[in-house]
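K.L.:
Can you look at this prediction? I've put the sequence above it.
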Amino acid sequence: MNTEITKQQAIEMCQSNWWEGMSDRDVATFQMHNRLLCMPFDIFQATMERVLDRPVMTHEFADWEGMRQELMGERPAPTLEEIVGLISIDKRIVIFAGDRTPDA
């Protein structure tokens, strides 16, 4: 299902609050099949977190197809290592907290 909308349609949809009263799954499915965001990003991210039943980091949206596949049940949720791996190595800082020493 690919319903590609225009930039103007996306703006008008965002202004209309079209997602209000719809199920999270329907909202997420519609948005994940359109490359132009037609709702405020914070609402979309929160919707994806509820539907996927997990925290969704902002940079995960760079793997649009992977998120779409997870939403549609075509692949499992990514591991933390895969999520961190989406960040380019030159921009990645990982802080280990607690008693564990990371494996060398």
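P.N.:
Great, that's in hand.
K.L.:
got a list of what Ala77 touches?
P.N.:
Counting by Cβ atoms under 8 Å, 6 or more residues apart in numbering, Ala77 touches 52, 54, 70. Yep, even glycine has a C-beta here, placed from its N, CA and C like the rest.
K.L.:
Check the residues you listed against Val94 and report the nearest one.
P.N.:
Arg54 (19.1 Å; Cβ to Cβ).
K.L.:
returning to that earlier point: would CSV of the contacts of Ala77 with secondary structure, neighbour count and pLDDT be doable?
P.N.:
Below are the contacts of Ala77 laid out as CSV (DSSP: H, G, I helix; E, B strand; the rest coil; neighbours: other Cβ atoms under 10 Å; pLDDT from 0 to 100):
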residue, secondary structure, neighbour count, pLDDT
Leu52, helix, 16, 98
Arg54, coil, 13, 97
Glu70, helix, 21, 97
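K.L.:
what's the pLDDT at Gly98?
P.N.:
Gly98 carries a pLDDT value of 75.
K.L.:
what are the phi and psi angles of the closest residue to Pro55 other than its chain neighbours?
P.N.:
Among residues not flanking Pro55 along the chain, Glu49 sits closest, at 6.1 Å (Cβ to Cβ, 6 or more residues apart in numbering). The phi/psi pair for Glu49 (degrees, to the nearest 10) reads phi -60, psi -40.
K.L.:
Next, count neighbours for the closest residue to Glu4 other than its chain neighbours.
P.N.:
When the adjacent residues along the chain are set aside, Glu4 lies closest to Asn34, with 6.4 Å between them (Cβ to Cβ, 6+ apart). By other Cβ atoms under 10 Å, the residues close to Asn34 number 16.
K.L.:
three-state assignment of Asn34?
P.N.:
coil (DSSP: H, G, I helix; E, B strand; the rest coil).
K.L.:
hmm, back to that, in TSV, list the contacts of Ala77 along with distance to Asp63.
P.N.:
Converted to TSV, the contacts of Ala77 look like this (distance: Cβ to Cβ, whole Å):
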residue	distance to Asp63
Leu52	13
Arg54	14
Glu70	9
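K.L.:
Fine by me, thanks again.
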